[in-house]
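K.L.:
A predicted structure for the sequence below; I have some questions about it.
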Amino acid sequence: MPPIPLSFACGLYDRMVPLANGEVQPSGLSLNFLEFHHPRDVFDRMVANKEFDASELSSSEYICRHAAGKRDFIALPVFPSRAFRHSFIAVNTDKIKKPSDLNGKRVGVQLYTMTAAVWIRGVLQHEYGVDPSTIEWVEGKMEGPGLHGKPSNLPPRKPIKITQNNNPNKSLSDLLADGEIDATIGADVPACLNKKPNIRRLFPDFREVEKDYYKRTGIFPVMHLVAMRRDYYEQYKFAASSLFNALDESKELARKRMNFTGALRYMLPWLPADLDEIEETFGDDCWPYGVEANRKTLEALVRFLEDQSMIEKAMPIEELFAPVRPVNFKIV
């Protein structure tokens, strides 16, 4: 039987390179890797038009759709993008001295429903006592006027103070610089950060804060997962395990190469020191795939979505993912 064609749209992250260049091949599949530079473009095209057989997808969008009964995709427990988000909170220090000062303020966010914003609000609520329901959330592009992409997001289940940036000449960064909003959160920091003396990160020592958060909670936030069109999955059930294992092997090759420091693979002058710190904090693999290795993180995300009225109630994590048969790709 000839290989089954599968189109896969994703950013060309280091963990995707061996798959994208054909060094890793998914068994039984003829992969067409479609590279995108901005994940929002992938999300919008996948959700609105189902243009790909599988793709990188916003974790929060997928979970919200699943909770609402929209089961046109099935996820694989692969997480191409993850990031701590403490460093993505920029504030006007004339108004915001500590996290609780955010209560009752106007805060810019690219999309209220974006995964980065869900994580930031959840951390602020559970770690610092911020009440997100008191905040007016101003949606818009971080840089440039207008809205962030063309998402097909489901609205929150309860009324939330969400307004749009209707200023045709200003971005969220401009609004923050001009004192029209008090802070920004999201997947990017504003260009005005550190350009004005009163625009700073809420957590200037974010690296230590994020390490402490991980050591206490075991949570390394996932931003994106991999989703497969359900009609494709129902026709080719084997494809879920085949793609999962190829993605895992690709990631392991990238991890091995990152750890070779005879010639630095990335433009990070202190990469060896960073690698030592990563191993001390996370152990062997800071970027695991699979459900069990990410259970604490996934359960936290679902809890935050419920807290923030984006889903009616939490669901078992296993319900979200296709069953896969992992192969151990421990590459030494």
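P.N.:
Perfect, thanks for sending it.

K.L.:
residues in contact with stretch 224-231?
P.N.:
For stretch 224-231, contacts defined as Cβ atoms under 8 Å, 6 or more residues apart in numbering pick out 10, 39, 46, 50, 52-59, 62, 71-82, 115, 239-240, 243, 247, 322. (C-beta placed from N, C-alpha, C; glycine too.)

K.L.:
Give me the buried entries from the residues you listed.
P.N.:
Among the contacts of stretch 224-231, the ones that count as buried by 16 or more other Cβ atoms under 10 Å are 10, 39, 46, 52-59, 62, 73-82, 115, 239-240, 243, 247, 322.

K.L.:
Which parts of this structure are helices?
P.N.:
For the chain, the helices defined by DSSP state H occupy 17-20, 39-49, 59-67, 115-128, 172-177, 206-217, 230-235, 238-258, 271-282, 295-307.

K.L.:
So which bits of the fourth one are buried?
P.N.:
Judged by neighbour count using 16+ other Cβ under 10 Å, the buried positions of helix 115-128 are 115-125.

K.L.:
Rebuild these as JSON lines, extending it with pLDDT and distance to residue 133.
P.N.:
Formatted as JSON lines, the buried residues of helix 115-128 follow (pLDDT from 0 to 100; distance: Cβ to Cβ, whole Å):
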{"residue": "115", "pLDDT": "97", "distance to residue 133": "19"}
{"residue": "116", "pLDDT": "97", "distance to residue 133": "19"}
{"residue": "117", "pLDDT": "97", "distance to residue 133": "14"}
{"residue": "118", "pLDDT": "98", "distance to residue 133": "14"}
{"residue": "119", "pLDDT": "98", "distance to residue 133": "17"}
{"residue": "120", "pLDDT": "98", "distance to residue 133": "15"}
{"residue": "121", "pLDDT": "98", "distance to residue 133": "10"}
{"residue": "122", "pLDDT": "98", "distance to residue 133": "13"}
{"residue": "123", "pLDDT": "98", "distance to residue 133": "16"}
{"residue": "124", "pLDDT": "98", "distance to residue 133": "12"}
{"residue": "125", "pLDDT": "97", "distance to residue 133": "9"}
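
K.L.:
quick check, nearest of the residues you listed to residue 207?
P.N.:
residue 123 (15.1 Å; Cβ to Cβ).

K.L.:
where's that closest one relative to residue 202, distance?
P.N.:
11 Å (Cβ to Cβ, to the nearest Å).

K.L.:
who touches both of these two?
P.N.:
Residues touching both residue 123 and residue 202 (Cβ under 8 Å, 6+ apart) are residue 86.

K.L.:
so what does the top strand by length along the chain touch, helix or strand wise?
P.N.:
Identified as the longest strand of the chain according to DSSP state E is strand 73-82. Helices and strands touching strand 73-82, by 3 or more Cβ pairs under 8 Å, 6 or more residues apart in numbering; DSSP states H and E, are strand 4-11, strand 54-58, helix 59-67, strand 222-229, helix 230-235, helix 238-258.
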